[in-house]
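**Q** no letters, just coordinates:
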Ligand code: NAI
């Protein structure tokens, strides 16, 4: 018996990185998985990888910043699997690094649209469905940038602080109806996004590891699989008394 056997789980942005690792882990722990991404090729590859490991998955193309896409995601999930028990709102973008006075407004708007509005739209649609099927558990992807500031990353930092705030509010509003909502706050994790941030901040002079490893007291960056472990645990009944939490998973980053 897996930790989430018999449950149905949506993972947004699961065509790559942390989302893909979470989708694979949900499936390995017995869940039927809905893979969602704007990247059709990546999303289909994740669903195929789940089928190859003996799990059950479908891919649905959706942009989490679009209401119609998010509504269709939930409708098609219920058509395919009958209910929704777990959701990981992971889709996110990092955008441009620049000081506030040089931030292009369209960079701010797009980061907010995907990271904050996207998380809000998903929460709304997922909670509506979970209320119909008697409860559920949701994990939002925030960041250490949802707990402290990072010069050059104001729009991203603002969006992730927003995700942590939404998480607390959703937990307060729906706890008595059997819906738990938590956020994970990773430090540097070995994905395309971290490569982009490292490349932008060093102009390509240092590798991601050279730049990021010394920032973490544990002496290394994290793996997508380490974050997936916490996500799936939080969605499982093992975490039945955990809600409204913004949990660092960061090799000691915010302990400094
Ligand atoms: P990634 O860039 O490797 O993967 C993100 C996935 O989300 C991609 O497959 C992308 O196509 C998809 N996506 C982007 N916009 C979308 C949209 N509008 N609708 C649907 N899907 C969309 O990034 P990574 O690193 O796996 O990040 C996942 C989450 O974890 C993000 O929310 C990120 O902010 C957060 N995070 C990442 C950290 C890191 O060091 N990698 C650290 C802390 C948080």
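**A** Alright, I've got the coordinates. No experiment lies behind these values; they were computed from the predicted model shown.
**Q** the residue of the stretch 51-200 of the chain found nearest the ligand sits in which helix or strand?
**A** Taking C-beta to the nearest ligand atom, the ligand has its nearest neighbour within the stretch 51-200 of the chain at residue 92, 2.2 Å off. Every C-beta, even on glycine, is put in place using the N, C-alpha and C of the backbone. Following DSSP states H and E, there is no helix or strand that holds residue 92.
**Q** equivalent analysis for residue 94, please.
**A** Residue 94 belongs to no helix or strand, assigned by DSSP H and E.
**Q** ok, now residue 96?
**A** Residue 96 belongs to no helix or strand, assigned by DSSP H and E.
**Q** now do residue 11
**A** strand 8-12.
**Q** other SSEs contacting that strand?
**A** helix 17-28, strand 32-37, helix 67-81, strand 86-89, helix 118-132 (3 or more C-beta pairs under 8 Å, 6 or more residues apart in numbering; DSSP states H and E).
**Q** is the third one in proximity to the ligand?
**A** No - using C-beta under 6 Å from any ligand atom, helix 67-81 stays clear of the ligand, coming no nearer than 7.7 Å.
**Q** ok, and what's touching that helix?
**A** For helix 67-81, the surrounding residues in contact (C-beta atoms under 8 Å, 6 or more residues apart in numbering) are 8, 10, 12, 32, 34, 36, 58, 60-64, 84, 118, 121-122, 124-126, 128-129.
**Q** likewise for the last one?
**A** Defining contact as C-beta under 8 Å, 6+ apart, one finds that helix 118-132 is touched by 10, 12, 64-67, 70-71, 73-74, 77-78, 83-85, 87, 89, 91-92, 136, 138, 140, 162-163, 166, 170, 174, 177-179, 181.
**Q** what subset of those is buried?
**A** Buried subset of the contacts of helix 118-132 (neighbour count, 16 or more other C-beta atoms under 10 Å): 10, 12, 64-66, 70, 73-74, 77-78, 83-85, 87, 89, 91-92, 136, 138, 140, 162-163, 166, 170, 174, 179, 181.
**Q** so residue 87 versus residue 201, what's the distance?
**A** 32 Å (C-beta to C-beta, to the nearest Å).
**Q** do residue 105 as well
**A** Relative to residue 201, and taking C-beta to C-beta, residue 105 is found at 21 Å.
**Q** out of those two, which sits in the busier spot?
**A** Neighbour count, other C-beta atoms under 10 Å: between residue 105 and residue 201, residue 201 has more, with 17 against 8.
**Q** ok so, going back, give me the contact list for the strand holding residue 11.
**A** Here strand 8-12 has contacts from 19, 22-23, 26, 31-37, 62, 64, 73-74, 77, 81-91, 118, 122, 126, 235, using C-beta under 8 Å, 6+ apart.
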